[in-house]
Every structure is written in structure tokens, then in C-alpha cells.
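K.L.:
all I have is the shape, not the residue letters:
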């Protein structure tokens, strides 16, 4: 990246390396989400947010509290509730009160949800092989993932919680 640039005009804003870099990250992420999310929905009937819920819940056999799901998915509590409601209706997850704190609802994976997760993950991995791993050399991919992970941790630390 170039030395820190001043922004005094529209042309300066457009040419700013920092703004350009973030634009590349966001545009690429958005395009990947469109491409891979559409492929997942066609192949498995799961939206990408549903797949993310299944991954998060599948990683914790004891269940995940709704508040934690909301934070991990970067959704409002209402948005997370609506998503989980649809998944409960589809038989993919179960939601029940925590035995330790009745105010907390915990989401767990159902056997049907696990089966859908496994099938969707297999197909998703094939698409990732094709559109990500087949494009970037392993060392470049590792550097991209490492940098984005570091950036993601920072943003998570400073991002205020959603309502």
C-alpha cells in the first residue's frame, strides 16, 4: 500500500488505497456469498444463514444459547429468533429452556438437522474446492484466511452488540 494519502477531493477518495482495499474485500465477500449461498440453497434447500446456525450448533452438542447465536451470526435477537423459528419448524434444530437458567433458551441440533448439515457441508466443500481452493494457491489462501481472521477478531472486539 502507498504512503498515507490525504483525501481532499472525490478523485482522492476514489484513488485511496485503503478505501480500494476494503472495497475489494467487501465486494469479493459479497460475490462469494451470492455464488456459494445460491449453490447451497439449490443443492440442499438451506440458506447460508441456516447453514451457519447448523455449524455453530453442531460444534456444541450441549447446545448454544440464543444470545450467543445472535452474537456469532451478527444478527439482532429478533432476527436470530425468526431464523431459529423457521429451523425449528423445519425440524433442523430444537430450542428449549436451559436447565441452569430458565431465562435462557438453548438451541440443539436434531438428527434431521445433523443429516442436512452433513449433506450440505459435503456439497459446500465441493463448491469451495472449485471456487476458492482451485483459484488461490495454498500459501496465498492461508495468508488471506490468517489476515481476515485477525481482522475479524479485532472487529468483533470493538463492534457494539446489536439490539
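P.N.:
Noted; the coordinates are in hand. This structure is a prediction, so every number in the text was calculated from the model and none was measured.

K.L.:
just checking, what packs against the top helix by length along the chain?
P.N.:
With secondary structure taken from DSSP state H, the chain has its longest helix at helix 17-44. If you count contacts as 3 or more CB pairs under 8 Å, 6 or more residues apart in numbering; DSSP states H and E, helix 17-44 packs onto helix 48-58, helix 111-128. Any C-beta I mention is one placed from the backbone N, CA and C, and that applies to glycine too.

K.L.:
for that helix, which positions count as buried?
P.N.:
The neighbour-count check on helix 17-44 (16 or more other CB atoms under 10 Å) flags 36-37, 39-40, 44 as buried.

K.L.:
repeat for stretch 62-82
P.N.:
Buried-residue list, stretch 62-82, by 16+ other CB under 10 Å: 63-66, 68-71, 73, 75, 80-81.

K.L.:
same thing with stretch 81-98?
P.N.:
Across stretch 81-98, burial judged by 16+ other CB under 10 Å covers 81, 83-84, 87, 92-95.

K.L.:
what about the protein, any weak spots by pLDDT?
P.N.:
1-3, 162-163 (pLDDT under 70).

K.L.:
kindly recompute the last result at 80.
P.N.:
Within the chain, the ranges that satisfy pLDDT under 80 run 1-4, 74, 98-102, 161-163.

K.L.:
out of everything not next to it in sequence, what's closest to residue 105?
P.N.:
The spatial neighbour of residue 105 that comes closest, neighbours along the chain excluded (CB to CB, 6 or more residues apart in numbering), is residue 66 at 4.6 Å.

K.L.:
without its sequence neighbours, what residue ends up closest to residue 93?
P.N.:
Spatially, and ignoring its direct neighbours in sequence, residue 93 is nearest to residue 87 (4.7 Å; CB to CB, 6+ apart).
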